[in-house]
Every structure is written in structure tokens, then in C-alpha cells.
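Undergrad: Please work out how this folds:
(chains A and B)
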There are 2 protein chains.
Amino acid sequence: MGLSSPAKAVPRLTKKQYTARLPALREELVQLQVQLKDAPFTVVLIVAGVAGSGRGDLLNTLGEWLDPRGVETFALQSPSEEERERPLMWRYWRNLPVRGRIGVFASSWYTETLHEQLHGGVKARAELDHELRRIRHFEKLLADDGTLVIKLWLNLSKKDQRTRLRALEADPDKAWRVTEEDWLAHQRYTPLARTAQRILDETDRPGARWTVVDALDERARNLRVGEIILRQFRAHLKKAQRLVAATGRPDRAPRALAPSGVRWLRATPLDQRLGEDDYERKREKWLGRLYRALRAAYEARRSVVFVFEGWDAAGKGGAIRRLASAIDVRFYRVVPIAKPTDEEKAHHYLWRFWRQIPRDGYVTIFDRSWYGRVLVERLEGFARPDEWRRAFGEISDFEEQLAEHGTIVLKFWMHISRDEQLRRFRAREDTAYKQHKINAEDWRNRRKWEAYEVAVGDMLALTDHPFARWHLVPANNKRHARLEILRTSCKVIEAALETKA
Amino acid sequence: MGLSSPAKAVPRLTKKQYTARLPALREELVQLQVQLKDAPFTVVLIVAGVAGSGRGDLLNTLGEWLDPRGVETFALQSPSEEERERPLMWRYWRNLPVRGRIGVFASSWYTETLHEQLHGGVKARAELDHELRRIRHFEKLLADDGTLVIKLWLNLSKKDQRTRLRALEADPDKAWRVTEEDWLAHQRYTPLARTAQRILDETDRPGARWTVVDALDERARNLRVGEIILRQFRAHLKKAQRLVAATGRPDRAPRALAPSGVRWLRATPLDQRLGEDDYERKREKWLGRLYRALRAAYEARRSVVFVFEGWDAAGKGGAIRRLASAIDVRFYRVVPIAKPTDEEKAHHYLWRFWRQIPRDGYVTIFDRSWYGRVLVERLEGFARPDEWRRAFGEISDFEEQLAEHGTIVLKFWMHISRDEQLRRFRAREDTAYKQHKINAEDWRNRRKWEAYEVAVGDMLALTDHPFARWHLVPANNKRHARLEILRTSCKVIEAALETKA
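TA: Purely as a prediction, here's the structure:
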């Protein structure tokens, strides 16, 4: 991994040698894409490197070798307002390719970090550490999802860099390819190399390894990159086939990972009462206050994410409608989470939620959410045990990123008793226009109440963090629950606005 | 449609009357959504109206009545930078729901027009006319695609408006709902009503009719809206079932709509020659010039859309790769067009292209494009005759919108002879790493050469406009073709930058 270790003697290739080896390589790359098409994973290829190492040339060559119908090249442009108004990683999430395809990242989550170094932005060590930790988490998440992450660093010694930049400049037809920035990078070669070495060391992890490629000879560089891609792909394909064999199974008698959650759930009293007049008076008061709090959040450019989870028939829909009535219709969006679409299924399970993250100042209300991963997917076996276990950390990380960006995250578990659920199910069956709200699956889920209790308990215990608290809402009494949600929302938003400007 | 015609006596409803009629209505609305789920169309519901007419209340009520899992509410926020950097209608395209779902537009393509009127922006009559024409085209396109477009205008007389605003203000819990803007709208009631009337008149067209709803009595308003939705949905469902029955058939011996196109194609000489040295020298020169032109376009915030169409094996891929090598990798994106995804299929055929429109200053290169509608879809019967015939106009309109926004549109038809194609097909079969580029379908298409010639001719003749010219590129000689594309691109971009600042 050393960038400064004495360069291995990289043999230069003549055009003839190159041309002789090319057809076989190209054929294998095409075969790779044919196999990838049906493979259950994505390939993410990151091409980074020093100035003058010919990243653009290499990318064009790859463009010639690969079938463009299976490739998406991401040369991320400077972040747009919509991107700046969301957590840093949002722009990468939105550009991840679907399974079976290759995403070539001509620039990536490393680009900005490297770019800042070039322009001498003195970054506190802690800040860089934080960025690198974020990158490690992201790449681990991709790798855990089965993504093949190939990271290439095109390297040149300082001397070779000068040689290449001068050669380009001497060619009147190619001189325009050399920019001032390239020469600036050359001047700052040593400190840049030091930072690059640190970044590579800190992000060279299982499932997301760096490969350093000597970039002095174009042809040798190209062939080597082709071979690296092939080798890593083949190894990965074998591993993936083993993984697919191990699918999930319904967890019929789940054991709690964190028993404090179930205790919390069971200790929650559900016998609240609230008269209609009392409710209506208080509701209008809190609606007005919430309206003002959200208005203030908008002005402070703080976005708000509401998450509604709860037992079937706990009243999520009704609570959301009441909550929404306090928000100017231009500022919020309700996102009901049902079965994922084909496109969503072909991505990491968090992708479809990242898609819906609001811009600064706006509100997204999730009617069910990413917690399906540790509830229904755990219990029905849609996720393997290693997958749903990992999800507690992934979800916490996701919410932490939201909070770090300034998003206020409000999570409600609407809690009713088993008897109350039965009463509501029956009422639904008896009311014509409510019959669509109840089906065989609801009754099936109801029979798994104890299992769900364990999963819910784990969720509450393992994903309750200072940056994204769970609010357990007693909901046997609908009026009480709706008011409780308004009240909690006000208080959390008001407190968040006070603590952070 | 008259807003100022003497109000029909709208009977007020007591709470009891309202409650009595509600269950039946709600059940029918739910049934509607169940039927819609499997229907081959989208519902677009626009709710507009005067200040104080209770649009927010109505939307919340609809939110309660409808199953939120089948509804997407679009309360478009102020346009983002990404939206402003694209043609006006882009933000609406990106928010159109898929078939089987209801899109409720709490604000819509009317909102900005109306809003500007409120704030007294004096708009030239011609400008408003242009906006209304754009809206008519868009709604016609939706309607032609089978979309049910329901447009509601919630109306109040000036007197009733004052009554409602005062009543809200008098209620301490609801006073916060009345804004200064509402009172401004009240003061300017008469001119606003005049403009609204004009907008309604000009956009009341078959397939996109306005319905004016008296909004004085909340309960009567709600019930009436529910009934309008039901009635229009039922009528539309019947019509849609008839349409689905009439699917397309392969057009085996197509007749030219515009014979000048085929003549153009046949009159194009294909015997150019260009030596390798000559080519390489000229290529570098034009690549450099194109790089500078695109750089200038970027600085002028002008985006560029390249469209590559051509016979199979005409060399689109190679030409695109050469072209791309002149563009900074951060500024362009190649979009290969293959079979649409499920999500794309569930939208209007132009939706997937609108998705890919570049931001100001950036470049998108389409490897095949929306012209598939009038080529393969026409000949294979994937589109009905009425659909592909309509497409010439729809596509022209689409490209005109791009051009009006400032996008430079460059369309290339890469033309080879039938013999040359045969030679290339055989060469592909003989080269191992090129075999994936040739399959049975290519040979099948080749047998339909004459049919394709007619379709291509129609395309060239009917969609060649000053704002988006077709460039017919002789491509029997690959080097000549690639150079021709570089040269044409330079000239068109340079000319566009001169004429419009």
C-alpha cells in the first residue's frame, strides 16, 4: 500500500506487446459483464490518483472496453443546492447503480477530501478523522451488502509526474489537457502524497481494499487495471454465490438482544383518558405551537424527519393526518412505506429512504420506515440474521448522519394493548369503508404478537440515541396519543432550535 | 366555467346531513383506489382556488378519505437550484406518479402563474399566452397518454371570501391560519378573478376540464369534490378499458408520412475517404476546439444535449467515446437507452428522458433516445399508430422546451449503407470480444432495412427544426464520421453561444 516505497520496475509495454494482449483481456471483461448482469451485486469502481496519472485517459479506455449499457460513470459535478441541503453522503447514495451494473466513480467520496488538501485548506486532524470514519462506514455498508468495491490509486513519483506533465505540454495537440491545477499539485507533491498515504491507510479495509497502480507507462497501467478488475471480480463472484445460498428464515421464537426494550414496552401504562372537548381545545393550542416551531425550523434551515412505527391499527395514519394539518402543505411530504419497487429492491435496503430525505427546512413524514428491516424482515426471514443484526448499527449511523447535518429526527412507536388491537380489527371489519384496512396478513401478524414484542423491544433499546430518541406513545386512547405526538414534536423541535443555531 | 356567474344556491349541510352521506362516499372512494391499482393510467388531481377557500382543509380531508399508500401529494416547494437549472416543466415531470396511483397537486403548473398575478407582476400578455400554451400542451400530452386529469377550482365571491377569512380570524385557535397574503388577495379580488377566469378559459380543454366548486360551505364543498372525483374516475375507467383493447401491431410495410426524409437519406453520399495520419492530426485540432467550446458553454451556463441515433453497427459507441474524450469527465454523462425499467414503463414514455436532462452548463450524451418511439416502437407495434404519430409533435415540443431554456440540442443520425452494415456484422461475429455486440435481433432488424428507412426518413423530416436540427453523418468511413461529428458539434455550439448571451 506504500506510495513512497521504491517503485517496482514496471516494464514498459510497446504498442505491439499491448495490442497482442488486448483481445484476450477485452473478451474477458465482456464475459465479466455478461456474468455480472445476473449476479446479485453491484460493482463500484473508484479511480483516484495523482495529477498527470491519466485518470481521464484510463476512464476513456475502460469506456471502450466495457459495454456501456452495463456501466454508469459518475463524474460528480460540484454539489448542487439540493445536494448541499442534505447530508454529505446523499449525493453518493442517489448515484449508486443497481445490482448487476458497474458504477465507475471518476470522482467519489474521496474527491472533496483530496481537493481540499490540494488547495491548502488546513483541516483539523479531528475533522479529517471524522470524514475518514464516515467513508469507512459507508464502504463497509456497501461491502456488507455484497457490493464489490474496487479502489484504484494511480500513482507517479514526483519525477515521473513532471516527466508526464511536460510530455503532454510539449505536444501542441494535447497541451490543453494540462491545467494550472496539475502544476500546483506537482509543487505540493510531498504534502499531498503524505495525506494521500494517510487516507489510503485509514480506508484500506476488508471488502474495500486499495490497489496502487504505477501510472508511468500508459499501456502497462491500462492492462494492469483491466487485470485487477477481472481478478477481483472473479474472487467476488465465488463468494457471492456462497452468500446467496444462505438465505434468511423466519425467526419464529426470537430471543431479545437487549431485554430492556421489552421491559420499557411492557412498563408503559395505556389507561389514559381524554374527553373530546378537552382534546379539541388542547389540540388547537398545540397545533398552533407546532406550526410556529416548524416555521422557525424552516427559517433556521433545519429539516425535520418524522418516523411513525407502531402496532397494526395503532392509529399511525390518523396521527399523521393530524400532525400534517399543522404544517404548511408546501413544506412537508408523507412517504408511506410499502413493498419496495424493483428498482428499490435492486439497491441497498437504505437506498429508498435516502432518496426521500428532505431538503434543509422541509419535513418528511415516514409512515413506517427503515425499521422494517429489524421488524418484519427479521421475523419473516426477508433478511438474514447477519443482515438484520447489522441493521441496528447501520440505521443508527444513518440517523446520526441526518442529525449531524442538522436534521431533527423524531421517532414514534405507537403502542396499544393486544386487546385494543382486537377491538379495532373487529371494528374495521364491521365498517364498510374501513374493510380495506384489514386483511389476512394483519391477523397473521397479530398471532405473532410476542415475537414482534421482542423485535420492537430490541429496536427501541438498540436505536435510541441522543441524536434520535424513540418516543413511546401510549395509543389505546387515540386522542391522548395524537396530543402526545403534537406535544413531543413541539418540545423536541423547540429544544433542537435552541441548542444549535 | 364562469367564476362570476350568479352563484347557484349551494345548500349548506348540517353536520348530521354530512355525517349521513359520508360513509357511502368514503367506501366508494376506497373502491375507486382498489380499481385504480390495476388500471393502466394515472390520476392527476389539481386543487386550485381563491384565498380562504380552504384548499388545505380539503386536502387534509382527502388525505383522510383516501388510502395514503396509493396517493402522492405534491405540494411543490419553491423551485430548487436543480429545478431552476432545467426547463420549467422538469420539476413537474419528475413528480408525476406512476400508473395506478393518484397524484394530488396541492400546487401545480398553475401555481406560479397565479402567484405572480397576486404579487402584481405585470406580465406581458404574450408571455402569459406562452405559459398557457405550454400548460395546454403538457395537459394534452398527459391526457393523450391516458391520464385522468381532474382540475378543481375552489371559488368564493368577494363577499363570501371576507366572511370566511373573518370567521377564521375570530377563532383564536384558527387565527394563525390566515396570512397577510390572504388579505392581499382579498383586496385584489377583482383583477385576480379576471386573470383566473382567463387562465381557466384558456386551459379548459377536452381531457383536462376545470370544475368550479363553490367553497362557502366546507361540508358541501368536501362532498362535492368527492363526488366529482368519483364521477370523472368512473367515466375515465370505461374509456381506458376500450383503449387498452386497441393495442399496436407491427407496421411491416410502413408508408412515409414525409417522403422528403427518405430522399434526404438516399441522397447522402457515403464514399468519403480519410487517411489515419490526416485523421489523427485533424482530430486533435477539433478535440481541442470542442473542449474550448464546451468550456465556454459551461461558463455561459448553457447545457448541451447530444442525441446519437443510427443504423446498427453505424459506430455510435465509438463516436460517443471520441466525443466524450474532449469533455472534462466532471461535466458529462453518457446515457445508454435500452429497455425501460418497470418504473419507467409505468410512466409516460418521455418521462425517462426528462429524468436525464442536464443541469445548466452540463452535457448529456444519449446513446439512442426518445426517437425509439418513432423507430422501433413504430415498426414493432410497441406503440399504437395514434401514439407514434403523435410522438413527432410531442418530441418536437420537448426539444423546443429544452432550446427555450437555453439547452443546445445536437442530433446525429449515423448513416451507413446496407452493404457496409453486413461487412461490420460479419466482422463482429469473427472477433471474440465483439460477439456480444451482435445477436439475432440485429439480423432481424437488418431484414427490415426498407421499413426502417421509411421510419428514419419520417423522423428526419418531421423533427428537424431550427431549434433542434438533425445532422446526417455519412459513416461508412468511421474516421470521417467521427471527425464530422466533432466539427459539427463545434460549429453548432459556437454559433449558439454567439446568438444568445
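
Undergrad: How about the contacts made by the residue in the stretch 301-450 of chain A that chain B sits nearest to?
TA: As assessed by Cβ to the nearest Cβ, chain B sits closest to residue A:433 within the stretch 301-450 of chain A, at 3.8 Å. Quick note: C-beta positions are derived from backbone N, CA and C, even for glycine. Residues near residue A:433 by Cβ atoms under 8 Å, 6 or more residues apart in numbering or on different chains: B:23, B:26, B:27, B:29, B:30.

Undergrad: Can you select the buried ones among the residues you listed for me in ChimeraX?
TA: Buried subset of the contacts of residue A:433, written as a ChimeraX selection, criterion 16 or more other Cβ atoms under 10 Å in any protein chain shown:
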select /B:26,27,29,30
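
Undergrad: Show the contacting residues for residue A:477.
TA: Residue A:477 sits in contact with A:270, A:272, A:273, A:274, where contact means Cβ under 8 Å, 6+ apart.

Undergrad: Which member of the residues you listed is positioned nearest residue B:309?
TA: Ranked by distance to residue B:309 (Cβ to Cβ), these are led by residue A:270 at 65.4 Å.

Undergrad: what kind of secondary structure is the residue nearest to the closest one when sequence neighbours are not counted in?
TA: Spatial nearest neighbour of residue A:270, excluding adjacent residues (Cβ to Cβ, 6 or more residues apart in numbering or on different chains): residue A:476 at 4.3 Å. Recorded secondary structure, residue A:476: coil (DSSP: H, G, I helix; E, B strand; the rest coil).

Undergrad: Tell me the pLDDT of residue A:476.
TA: What the model reports as pLDDT for residue A:476 is 97.

Undergrad: contacting residues around residue A:269?
TA: residue A:474.

Undergrad: What residues of the host helix or strand of residue A:149 count as buried?
TA: Secondary-structure assignment from DSSP states H and E places residue A:149 in strand A:148-155. Neighbour counts over strand A:148-155 (16+ other Cβ under 10 Å) mark A:148, A:149, A:150, A:151, A:152, A:153, A:154, A:155 as buried.

Undergrad: from the chain's centre, how far out does the host helix or strand of residue A:280 sit?
TA: Using DSSP H and E, residue A:280 sits in helix A:276-299. Centroid displacement of helix A:276-299 relative to its chain, using Cα atoms, centre = their mean, to the nearest Å, is 33 Å.

Undergrad: Kindly indicate whether residue A:339 is helix, strand or coil.
TA: Note that with three-state DSSP, the state of residue A:339 is coil.

Undergrad: you'd agree residue A:324 is up against residue B:64?
TA: No: if you go by Cβ atoms under 8 Å, residue A:324 and residue B:64 don't touch, sitting 10.4 Å apart.

Undergrad: Residue B:203 versus residue A:57, what's the distance?
TA: Distance from residue A:57 to residue B:203, counting by Cβ to Cβ, to the nearest Å: 53 Å.

Undergrad: ok so, going back, contact partners for the residue nearest to residue A:270?
TA: Residue A:476 makes contacts with A:270, A:271, A:272, A:416, A:417, A:420, as judged by Cβ under 8 Å, 6+ apart.

Undergrad: among those, which ones are buried?
TA: A:416, A:420.

Undergrad: need the contacts of residue A:476 in TSV with secondary structure and pLDDT, can you?
TA: Converted to TSV, these look like this (DSSP: H, G, I helix; E, B strand; the rest coil; pLDDT from 0 to 100):
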residue	secondary structure	pLDDT
A:270	coil	93
A:271	coil	91
A:272	coil	92
A:416	coil	97
A:417	coil	97
A:420	helix	96
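
Undergrad: what's the closest of the contacts of residue A:476 to residue A:17?
TA: residue A:416 (73.6 Å).

Undergrad: Would you mark the buried spots in whatever helix or strand residue A:387 lives in?
TA: In this assignment (DSSP H and E), residue A:387 forms part of helix A:385-405. For helix A:385-405, the neighbour count (16+ other Cβ under 10 Å) marks A:387-388, A:390-392, A:394-403, A:405 as buried.

Undergrad: before we move on, what about stretch A:293-307?
TA: Within stretch A:293-307, the residues that count as buried by 16+ other Cβ under 10 Å are A:293, A:294, A:297, A:298, A:302, A:303, A:304, A:305, A:306, A:307.

Undergrad: ok, now how distant is the first one from residue B:36?
TA: Think residue A:293. Residue A:293 is 37 Å from residue B:36, by Cβ to Cβ.

Undergrad: that older thread, A helix includes the residue of the stretch 301-450 of chain A closest to chain B, no?
TA: Yes: Residue A:433 forms part of a helix when assessed by three-state DSSP.

Undergrad: Let's see the pLDDT reported for it.
TA: 71.

Undergrad: same check, this time on the one 3 residues further on
TA: According to the per-residue confidence, residue A:436 scores 74 in pLDDT.

Undergrad: ok, now how distant is the closest residue to it other than its chain neighbours from residue B:69?
TA: Excluding its sequence neighbours, the residue lying closest to residue A:436 (Cβ to Cβ, 6+ apart) is residue B:30, at 5.1 Å. From residue B:30 over to residue B:69 the distance is 11 Å, taken as Cβ to Cβ.

Undergrad: go on, residue A:490?
TA: Counting by Cβ to Cβ, the gap from residue A:490 to residue B:69 is 28 Å.

Undergrad: Which parts of the stretch 351-500 of chain A are strands?
TA: Secondary structure of the stretch 351-500 of chain A by DSSP state E, counting those that start in this stretch: the strands cover A:363-367, A:408-415, A:470-474.

Undergrad: how deep is residue A:73 tucked in, by neighbour count?
TA: For residue A:73, the neighbour count with other Cβ atoms under 10 Å in any protein chain shown is 22.

Undergrad: and it, helix, strand or coil?
TA: Classification of residue A:73 by three-state DSSP places it in strand.

Undergrad: Report the secondary structure element holding the closest residue to it other than its chain neighbours.
TA: Once flanking residues are discounted, residue A:73 sits nearest to residue A:104: 4.6 Å by Cβ to Cβ, 6+ apart. Secondary structure from DSSP H and E places residue A:104 in strand A:102-105.
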